[in-house]
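Asker: just a sequence and a predicted model for now, questions to come.
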Protein chains: 2
Amino acid sequence: MPKKVDHEARREEISEALWRIASTRGLEGASLRDVAAEAGISLGRLQHYFRGKDEMLLFALRYINRLADQRIRERIEALPGEPSPRAVLRACLSGMLPLDDKSRIGVLVGAAYFARAIHDEGLRAEAKEGIPKLRAFFADQLRAAAERGELAPDRATDDEAMLLISLVDGLSAYVLLDVHTPEQAVRLLDLHLGNLFGGGEGAEVAG
Amino acid sequence: MPKKVDHEARREEISEALWRIASTRGLEGASLRDVAAEAGISLGRLQHYFRGKDEMLLFALRYINRLADQRIRERIEALPGEPSPRAVLRACLSGMLPLDDKSRIGVLVGAAYFARAIHDEGLRAEAKEGIPKLRAFFADQLRAAAERGELAPDRATDDEAMLLISLVDGLSAYVLLDVHTPEQAVRLLDLHLGNLFGGGEGAEVAG
């Protein structure tokens, strides 16, 4: 393996150890030493890959966001035929909910970062970095739906996009608190999409 | 001051020290010793009021929830005339957003608890304890609105109530991350309520 690729692969392995800690007990108390132990390496070895906790946290956050992006892109590509904007939106939004082990770990890690980011400006900048892009993508889908006559033309697409993002965030939090099950969260998401688009259209994308 | 009242007042003072820590740097790293220092008392003195961290966390959570309830009740009572169900809902929901110093501290403390609760069953039970009651109250308001002809009669009131709770949670999280301002969060909440109830009705409760 070339040196650079190897270096990146080691950083990813350490990130995965960090995620295990984030998803089992949160990040606040986690030291570099804890992460090294979880990764099965010495503290000195870990410090060869990351100069400090901030650098490690940022790398691991970017890495998990990249995997989540990829998972959601795969969900969209797996949609049959020429998917409608509504079907694309539903695939993205349900892909952001903690519905299986992988997405649950992603949401748990996100929650651990959130708890740190509200008190840490650097991490906050990173944690919110993807939101405008996501919002713009959702707004584009909503505008495309309006052009196809599948959404009322007077909808405020930018704001509706932000409502969707906020709603999924809240639905995910309540899954983590066991207020509702993942299935109930999907049902609530579908109710919101039904209200937005109207009627039972797009029901073909269920599942 | 009677002894029992004094004991309760001391526990509330210690809780307020805990909130200051929760709202400035989160709860994960906070020890009993940190809270005692913030409260300006000795560790031994603190342990006279709370046997351990769990007992202290639970008391402080119940106390802040009680204050939030009271604040929201006052917002409802301050509504002019006979408020519509929609106006009552808006007062509650906007009262749950971090719009001023007091509600912001409440939401920050809530976020700190959330980060712990997803890994702690006892705290999770307490953190979600109020949700069914809140959901039932919101569903009652929605049913009352439907009876008055102010909401489409085919709305799934229980689920719409849970959507409202989830949405406010997500909107609050994004205020804490500086994704949007408190004012933008209120505007998004109003957009959702406008979609739910239809049109500009209830605009008289703005502010």
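Answerer: Looks like it arrived, so ask away. Numbers count the residues shown, from 1 in each chain, chains lettered A, B, ... in the order given.
Asker: element containing A:Arg73?
Answerer: Under the criterion of DSSP states H and E, A:Arg73 resides in helix A:53-77.
Asker: just give me how far the next helix or strand after that helix sits from the chain centre.
Answerer: Sequence order places helix A:85-95 as the next helix or strand after helix A:53-77, per DSSP H and E. Centroid displacement of helix A:85-95 relative to its chain, using C-alpha atoms, centre = their mean, to the nearest Å, is 13 Å.
Asker: does chain B have contacts with helix A:85-95?
Answerer: No - on the criterion C-beta under 8 Å from any C-beta of the partner chain, helix A:85-95 is out of touch with chain B, staying 11.9 Å away. Where C-beta positions appear, they are placed from N, C-alpha and C, glycine not excepted.
Asker: please apply the same query to stretch A:97-112.
Answerer: Yes - against chain B, stretch A:97-112 shows contacts by C-beta under 8 Å from any C-beta at A:108, A:111-112.
Asker: same check, this time on stretch A:57-70
Answerer: No - for a cut-off given as C-beta under 8 Å from any C-beta, stretch A:57-70 has no contacts with chain B; the smallest distance is 13.0 Å.
Asker: so what touches that stretch?
Answerer: A:11-12, A:14-15, A:18-19, A:27, A:50, A:95-96, A:103, A:106, A:109-110, A:113, A:116, A:122-123, A:126-127, A:130 (C-beta atoms under 8 Å, 6 or more residues apart in numbering or on different chains).
Asker: any idea how far A:Ser31 is from chain B?
Answerer: 11 Å (C-beta to the nearest C-beta, to the nearest Å).
Asker: skipping adjacent residues, who's closest to that residue in space?
Answerer: A:Lys53 (7.6 Å; C-beta to C-beta, 6 or more residues apart in numbering or on different chains).
Asker: what about that neighbour, how many neighbours?
Answerer: A:Lys53 sits with 14 neighbouring residues when counted by other C-beta atoms under 10 Å in any protein chain shown.
Asker: over to the one 5 residues further on?
Answerer: Each residue near A:Leu58 was counted by other C-beta under 10 Å, and the total is 17.
Asker: how near is it to chain B?
Answerer: Distance from A:Leu58 to chain B, by C-beta to the nearest C-beta: 16 Å.
Asker: where does that residue land on pLDDT?
Answerer: We note a pLDDT of 88 for A:Leu58 in this prediction.
Asker: in chain A, what spans have low per-residue confidence?
Answerer: For chain A, the stretches flagged by pLDDT under 70 are A:1, A:199-207.
Asker: and the residue located most distally from the centre of chain A, which helix or strand is it part of?
Answerer: The centre of chain A is farthest from one residue, A:Gly44, which by C-alpha atoms, centre = their mean lies 31.4 Å away. Using DSSP H and E, A:Gly44 falls within helix A:43-49.
Asker: what helices or strands is that helix leaning on?
Answerer: On a contact count with 3 or more C-beta pairs under 8 Å, 6 or more residues apart in numbering or on different chains; DSSP states H and E, helix A:43-49 meets helix A:3-25, helix A:32-39.
Asker: give me the helices and strands touching the first one, please.
Answerer: Okay, so that is helix A:3-25. With 3+ C-beta pairs under 8 Å, 6+ apart as the test, helix A:3-25 has helix A:32-39, helix A:43-49, helix A:53-77, helix A:101-117 packed against it.
Asker: quick check: angle from that helix to helix A:53-77?
Answerer: 90 degrees (axes from the mean of the first three to the mean of the last three C-alpha atoms, to 10 degrees).
Asker: flag every buried residue along helix A:3-25.
Answerer: A:10-11, A:14-15, A:17-23, A:25 (16 or more other C-beta atoms under 10 Å in any protein chain shown).
Asker: tabulate these (CSV), appending distance to B:Glu160.
Answerer: Formatted as CSV, those follow (distance: C-beta to C-beta, whole Å):
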residue, distance to B:Glu160
A:Arg10, 49
A:Arg11, 45
A:Ile14, 44
A:Ser15, 40
A:Ala17, 42
A:Leu18, 39
A:Trp19, 35
A:Arg20, 38
A:Ile21, 38
A:Ala22, 33
A:Ser23, 32
A:Arg25, 35
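Asker: between these, which is nearest chain B?
Answerer: Closest approach between these and chain B, by C-beta to the nearest C-beta: A:Arg25, at 5.1 Å.
Asker: give me phi/psi at the residue in chain A that chain B sits nearest to?
Answerer: Nearest residue of chain A to chain B (C-beta to the nearest C-beta) works out as A:Glu28 at 2.5 Å. Backbone torsions of A:Glu28, given as degrees, to the nearest 10, read phi -50, psi -50.
Asker: quick check, it in contact with A:Ala117.
Answerer: No - look at A:Glu28 against A:Ala117 with C-beta atoms under 8 Å: they stay out of range, at 11.7 Å.
Asker: which residues touch A:Arg33?
Answerer: Neighbours of A:Arg33 in contact, by C-beta under 8 Å, 6+ apart: A:Leu43.
Asker: that one and B:Glu77, how far apart?
Answerer: Distance of A:Arg33 to B:Glu77, computed by C-beta to C-beta, to the nearest Å: 53 Å.
Asker: ok, A:Glu129 to A:Leu46 distance?
Answerer: Taking C-beta to C-beta, one finds A:Glu129 at 25 Å from A:Leu46.
Asker: so between those two, which is more surrounded?
Answerer: A:Leu46 (20 against 12).
Asker: can you redo the helices and strands packed on helix A:43-49 as TSV with distance to A:Pro153?
Answerer: As requested, the helices and strands packed on helix A:43-49 are arranged in TSV below (distance: least, C-beta to C-beta, whole Å):
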stretch	distance to A:Pro153
helix A:3-25	43
helix A:32-39	51
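Asker: closest to B:Arg73 out of the ones you listed?
Answerer: Comparing these against B:Arg73 with C-beta to C-beta, the closest turns out to be helix A:3-25 (36.3 Å).
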